[in-house]
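Visitor: Build the 3D model from these lines:
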Amino acid sequence: MRDIRGKTAVVTGGAGGIGRLLALALAGKGARLVVWDLDEAAMASLEAEAGREGLDLHCLRCDVSDRREVYAKAEETAARFGPVSLLVNNAGIVSGTRFLDTSDERAERTMAVNAIAHFWTTRAFLPGMIERGEGHLVTLSSAAGVIGVTGLADYSASKFAAFGFAEAIRMELRKARSPVRTTIVCPFFVDTGLFEGVKTRFPLLLPILKQEYVAKRILGAILKDKRRLIMPPFVYSVFFLRLCPVGFLDAMAAFFGVSSSMDEFTGRAHGK
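Guide: Alright, predicted model coming up:
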């Protein structure tokens, strides 16, 4: 996927935030973009912007947590815009409440959108990629998908699941010697509004990331076939801390502010 000109790409949750910026960037590189989202006003705005810039970008309403709807929209996408060569699983929601304050329905919705939806979208598009011998799957996980975060129990669970699923798919493709590529993306908090109010104790080590920067890095990772993108680099320290006693890991999470980052959270609870 180093050359995406003329290729059809699907970005879920692509009408706002990182997804919107990435969709516009991919279309700017010559891809035929199909954005799946639920926000019809945001989709109309995105199509209008793309039209003004002469980009080949289209929007379809799709609830990615609904398996039947995903399969139907996948068929429609292929029929209207051609076989899909790039899938970006970006759609996500966050509750931002401690586990016992999170409703059953909200927890189920978080898992359905942030993790289980990846089963349906991947099942819809991966067979065609394997058959054609080309394709790229991109999974938006999170730094909260490599370390549990206070106030994000359901979100962390969903992002751990997304990370594990994407990693297992990568290994299956490798064993099958398939040329289909995968990229796992794990950013720290991003200033999309989804995490409005979050704090960081050491902004030089763990900055609140700008969404424009994140979208640019993801685009670069796609074009360079990068298997894993973790931002900022300090998040890699979590993998080493997991070799230490649990008490030390917890103490370090508290010291670096990970355990208190959600204390003043006010972010919106939908979109990405």
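Visitor: quick one: low-confidence parts of the stretch 101-250 of the chain?
Guide: Within the stretch 101-250 of the chain, not a single segment meets pLDDT under 70.
Visitor: Strands of that one, residue ranges please.
Guide: Along the stretch 101-250 of the chain, counting by DSSP state E, counting those that start in this stretch, strands occupy 136-140, 181-187, 228-231.
Visitor: Adding mean neighbour count, write those strands out as TSV.
Guide: In short, each C-beta sits where N, CA and C put it, glycine included. TSV is the format used below for those (neighbours: other Cβ atoms under 10 Å):
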stretch	mean neighbour count
strand 136-140	25
strand 181-187	23
strand 228-231	19
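Visitor: Distance to residue 78 for those - can I get that in CSV?
Guide: Formatted as CSV, these follow (distance: least, Cβ to Cβ, whole Å):
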stretch, distance to residue 78
strand 136-140, 16
strand 181-187, 20
strand 228-231, 28
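Visitor: closest to residue 31 out of those?
Guide: Using Cβ to Cβ as the measure, strand 136-140 is the one of these that comes nearest residue 31, at 10.9 Å.
Visitor: Output the contacting helices and strands for the closest one.
Guide: strand 84-89, helix 117-132, helix 153-175, strand 181-187, helix 211-223 (3 or more Cβ pairs under 8 Å, 6 or more residues apart in numbering; DSSP states H and E).
Visitor: Most tightly packed of those?
Guide: The highest mean neighbour count among these, using mean count of other Cβ atoms under 10 Å, belongs to strand 84-89: a mean of 25.
Visitor: Adjacent strands (with direction) for it?
Guide: strand 8-12 (parallel), strand 136-140 (parallel) (DSSP bridges).
Visitor: can I get the CA coordinates of that strand in CSV?
Guide: The C-alpha trace of strand 84-89 is given here as CSV (Å, rounded to 0.1, in the frame of the first residue of the first chain):
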residue,chain,number,x,y,z
VAL,A,84,-11.6,-2.1,-0.8
SER,A,85,-7.9,-2.2,-0.5
LEU,A,86,-7.5,-0.2,2.7
LEU,A,87,-9.6,-0.4,5.9
VAL,A,88,-9.1,1.9,8.8
ASN,A,89,-11.0,0.8,11.9
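Visitor: Roughly how far does the closest residue to residue 250 other than its chain neighbours sit from residue 101?
Guide: Closest residue in space to residue 250, ignoring its immediate chain neighbours: residue 259 at 7.8 Å, by Cβ to Cβ, 6 or more residues apart in numbering. Distance from residue 259 to residue 101, counting by Cβ to Cβ, to the nearest Å: 16 Å.
Visitor: The two: which is more packed in?
Guide: Using other Cβ atoms under 10 Å, the more surrounded residue of residue 259 and residue 101 is residue 259, with 18 against 11.
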